[in-house]
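below is the sequence, then the predicted model.
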Amino acid sequence: MDLKIKYHGKGVTQQDINFINKLIADNPDDSRRALSKKLCKAWNWTQPNGVLRDMFARGFMLHLESEGYIKLPPRRLIPNNPLVNRKKPAEVRIDQTPLEVRLSQNQPLEIRQVRGTSYEKLFNGLIAQYHYLGYCHPVGERLKYIVYSGERPVACFLWSSAPRHIGSRDRFIGWSAAVRRKNIHLIGYNSRFLILPWVRSSFLASHLLGKISKVVSSDWQRVYNHPVYFLETFVDTEKFKGTCYRSANWRYLGETTGRGKEDQTHKPNRSIKAVWGYPLAKNFRELLCHE
């Protein structure tokens, strides 16, 4: 029997509750962390690269406890939460000499994936200082790129896990809610795109969008053991027109509702965003809708 409770889109049944309560009862000496790992193994909750989704499982069980369905063992310690206690990106010092050249003169351009490298702090600092939204640590899968002209950074891209539900995108793809939940990891979300403010080069933005679309999927495969078949982004319609995405052959899919993913009021509470998408394969719908 389905209960009137969900966690990140996952419905919960009475059988789920019974299983978890039995898991806790059968392992009275286990910590919360140990229980979350056993739940992942029992339900095969793993990322495509094989890593257990124990943080998701832990959050899931905490949610069930807060709703009164289960009783977890007492917390043994309060570990440092890097998401809560994360330091702000350090200020970076970089050559800001104006770079105003034609695109043909601004070559070669090198795209470097810097997540997990010594250049990641530079990326975080550049986004924090120069992107109008600042830096926000992405949750889930993510790739970070710095684009170099010679040895000078000229642009940054942040790609992360796609939002769970975007109406215009979901209608464009044509998948069901169940298939979307299964295959949402096959979409890459461009959550930050920055051309550094002292760089002036006509058509650079659309040129870079074209170049990076050729490497994102293979990099995702290398890091997370699965490709992505579709790229998407939001463009704040109060600030931008999305011209570079249109010029790079991205498709305008529609607009957001302006309510956010956790909205309970059904009323807009933030600016409307234009939704743009870019298929990476001719049969992207077949790949994304595969059950």
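Thanks, I have it.

what segments of the protein are helices?
14-26, 32-43, 54-66, 120-130, 167-173, 177-183, 204-212, 216-224, 243-247, 284-288 (DSSP state H).

and those, which one's lowest on average pLDDT?
Least confident of these, judged by mean pLDDT, is helix 54-66 with a mean of 86.

send the alpha carbons of it over as PDB?
What follows is helix 54-66, C-alpha atoms only, in PDB (Å, rounded to 0.1, in the frame of the first residue of the first chain):
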ATOM      1  CA  ASP A  54      24.300   6.200   1.200                       C
ATOM      2  CA  MET A  55      23.800   9.900   1.600                       C
ATOM      3  CA  PHE A  56      20.500   9.700  -0.200                       C
ATOM      4  CA  ALA A  57      19.600   6.600   1.900                       C
ATOM      5  CA  ARG A  58      20.500   8.500   5.100                       C
ATOM      6  CA  GLY A  59      18.400  11.500   4.100                       C
ATOM      7  CA  PHE A  60      15.600   9.100   3.200                       C
ATOM      8  CA  MET A  61      15.600   7.400   6.600                       C
ATOM      9  CA  LEU A  62      15.900  10.700   8.500                       C
ATOM     10  CA  HIS A  63      12.800  11.900   6.600                       C
ATOM     11  CA  LEU A  64      10.900   8.800   7.500                       C
ATOM     12  CA  GLU A  65      11.900   9.200  11.200                       C
ATOM     13  CA  SER A  66      10.700  12.900  11.100                       C
END
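
list the contacts of it.
5, 7-8, 10, 12, 17, 20, 32-33, 35-37, 39-40, 45, 70-72 (C-beta atoms under 8 Å, 6 or more residues apart in numbering). (C-beta placed from N, C-alpha, C; glycine too.)

now, of the residues you listed, which are buried?
Val12, Ile17, Ile20, Arg32, Leu35, Ser36, Lys37, Leu39, Cys40, Trp45, Ile70, Leu72 (16 or more other C-beta atoms under 10 Å).

which non-adjacent residue is nearest the fourth one?
Nearest non-adjacent residue to Arg32, counting by C-beta to C-beta, 6 or more residues apart in numbering: Leu72, 5.6 Å away.

kindly report the same for the third one.
Nearest residue to Ile20, sequence neighbours excluded (C-beta to C-beta, 6+ apart): Ile70, at 5.4 Å.

tell me who's in contact with the one you found.
Applying C-beta under 8 Å, 6+ apart to Ile70 gives the contacts Ile17, Ile20, Asn21, Ile24, Met61, Leu64.

kindly recompute the last result at 6 Å.
Residues near Ile70 by C-beta atoms under 6 Å, 6 or more residues apart in numbering: Ile20, Asn21, Leu64.

same question, Gly9
Gly9 sits in contact with Arg164, Arg181, where contact means C-beta under 6 Å, 6+ apart.

mind redoing it with 10 Å?
Gly9 makes contact with Arg164, His165, Ala177, Arg180, Arg181, Ile184, Lys261 under the criterion C-beta atoms under 10 Å, 6 or more residues apart in numbering.

show the pLDDT at it.
If you check Gly9, the pLDDT there is 70.

gap between Arg32 and Leu209?
43 Å (C-beta to C-beta, to the nearest Å).

then Ile173?
Ile173 is 20 Å from Leu209, by C-beta to C-beta.

same check, this time on Tyr189
According to C-beta to C-beta, Tyr189 stands 14 Å off from Leu209.

and what of Gln47?
Relative to Leu209, Gln47 is positioned 27 Å away (C-beta to C-beta).

with neighbour numbers in mind, choose between those two.
Taking other C-beta atoms under 10 Å, Gln47 and Leu209 do not tie; Leu209 has more neighbours (22 against 15).

rewinding a little: just the buried residues of the contacts of Gly9.
If we count by 16+ other C-beta under 10 Å, the contacts of Gly9 have these buried: Arg180, Arg181, Ile184.
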